[in-house]
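[1] here's a sequence, model it:
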Amino acid sequence: MDKGNSTLKAEILPTHTAALFAAAVKRSAELLRAGELVALPTETVYGLAANAFDARAVARIFTAKGRPAHNPIIVHVADLEMARRCVTEWPAAAGDLARAFWPGPLTLVLPRSKEIPDIVTAGGSTVGVRWPSHPFIQAVIRECGFPLAAPSANPSNRISPTNAEHVRQGLGDKIALIIDGGQSQVGIESTVLDLTVSPPRVLRPGMIHEESLQAALPECGVWNSEGGIGAGEHGPLRSPGNLPRHYSPRAKLEMLAWRDERELGTQVARSKFQPAKTHIIAHTVIPSAGAWGRVSVIPHDAEAFARAIYAELHRGDELGAELIVVEALPEANEWQAIRDRLKRAAAV
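    Numbering: from 1, shown residues only. From the prediction side, this is the model:
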């Protein structure tokens, strides 16, 4: 394949029968062994995968996404043996957390092994490792026999994809293959937990909440969840998702609270956007549809909201929204990860 061909059009393979699933696994593994990129479904969001042990292949991820070199990539595995191959230490806490939450949306940050290239970790001494629960990416990793470096399959800083069509719209002219594994069931990126510090530190919140993590590691006591850029570290980032602006639609995004539609209208008017070009995403105080370009309602439930929010942001962009207003979220801990994503998406 000509990797400089700007007219490349990605092939999209379905997986909804056993035969199609097997054929898609085989084709994905062929490309990944050859050092190519494949967009694969996971339970969190779709990932843009390359052989994690192949620095040249991983470099193609950065090129395709326009990803800054200082932003590390999570490594995906299909069993504990492969996870331990990626790191130099496997503390008891890692074993406890893996038993409790793997396969699933939890990334563990540990000292990296020599097999992990510098480019994966942005030159840092640690690597984030995750065993995803989606059956397709598991099957591909087992078929390949090596772990996959796989950030979200979208242009850097844009909305993460939760279905194959989102990937096609964002990267369809830059990669050869997209696997259609259905809609992502978690909907936002994994929780990232740094086990190289004591107590452990949440570097990126996700839908596995701090209370659940503490229940699996009660001996760790009070945790420091003020991770990432604001943690006082001056070395390489240990987790993706810590850049100030991330997960952003093309439209301007604002989070607002309103008691009624009149108050919503007053706040939007201050933003100087036309109501017809404004899309509202609400969960509690629902405005009438006629006054706005689009009104979407996501259930007042954190897990349902997480599954749906990226798709709604994508839809706003597709329909030409200039402003997307998201109703302010509850302060409860189960909403923390969604607040984090929307705060970064709204950053200027």
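
[2] mind listing what's buried along stretch 148-166?
    Within stretch 148-166, the residues that qualify as buried by neighbour count (16 or more other C-beta atoms under 10 Å) are 148-154, 157-166. Placement of C-beta: from N, CA and C, glycine included.

[3] dump the C-alpha coordinates for that stretch into CSV.
    Extracted in CSV, the C-alpha atoms of stretch 148-166 (Å, rounded to 0.1, in the frame of the first residue of the first chain):
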residue,chain,number,x,y,z
LEU,A,148,-1.5,-3.3,20.2
ALA,A,149,-0.8,0.4,20.8
ALA,A,150,-4.2,2.0,20.2
PRO,A,151,-5.3,5.5,21.0
SER,A,152,-8.7,6.7,19.8
ALA,A,153,-9.3,6.4,16.1
ASN,A,154,-9.9,10.1,15.3
PRO,A,155,-7.9,13.2,14.4
SER,A,156,-6.0,14.5,17.4
ASN,A,157,-8.1,16.5,19.9
ARG,A,158,-11.3,15.8,18.1
ILE,A,159,-14.3,13.7,19.4
SER,A,160,-13.5,10.1,20.0
PRO,A,161,-15.3,7.6,17.7
THR,A,162,-17.9,5.2,19.1
ASN,A,163,-18.8,3.5,15.8
ALA,A,164,-17.2,2.7,12.5
GLU,A,165,-18.8,5.6,10.7
HIS,A,166,-17.2,8.1,13.1
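
[4] and that stretch, how far out from the chain middle?
    7 Å (C-alpha atoms, centre = their mean, to the nearest Å).

[5] what's the answer for stretch 305-319, then?
    Distance, centroid of stretch 305-319 to centroid of chain: 14 Å (C-alpha atoms, centre = their mean).

[6] what average pLDDT does that stretch get?
    Here stretch 305-319 scores 97 as its mean pLDDT.

[7] and Asn51, what does it touch?
    With contacts defined as C-beta atoms under 8 Å, 6 or more residues apart in numbering, the neighbours of Asn51 are 32-33, 35, 57-58, 144, 146, 148-149.

[8] meant to ask about Glu219
    Contacts of Glu219 (C-beta under 8 Å, 6+ apart): none.

[9] domain parsing for this protein?
    11-231, 252-346 (automatic domain parsing).

[10] so can I have JSON lines of those domains showing distance to Ser239?
    Listed next are those as JSON lines, based on distance: least, C-beta to C-beta, whole Å:
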{"stretch": "domain 11-231", "distance to Ser239": "4"}
{"stretch": "domain 252-346", "distance to Ser239": "12"}
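
[11] deepest of those domains, which one?
    Comparing the domains of the chain by mean neighbour count (mean count of other C-beta atoms under 10 Å), domain 11-231 comes out on top with a mean of 20.

[12] in the protein, which spans are strands?
    11-14, 38-40, 47-51, 75-76, 106-111, 126-130, 148-149, 177-180, 191-194, 201-204, 252-256, 278-282, 294-297, 323-327 (DSSP state E).

[13] the residue nearest to Lys277 when sequence neighbours are not counted and Ile281: what is the separation?
    Of all residues not flanking Lys277 in the chain, Glu322 sits nearest, at 4.1 Å (C-beta to C-beta, 6 or more residues apart in numbering). Using C-beta to C-beta, to the nearest Å, Glu322 is found at 15 Å from Ile281.

[14] returning to what we had before: tell me which of the strands of the chain sits nearest to Ala347.
    Nearest of the strands of the chain to Ala347, taken as C-beta to C-beta: strand 252-256 at 9.1 Å.

[15] ok, that closest one: who's next to it in the sheet?
    Here strand 252-256 is paired, per DSSP bridges, with strand 323-327 (parallel).
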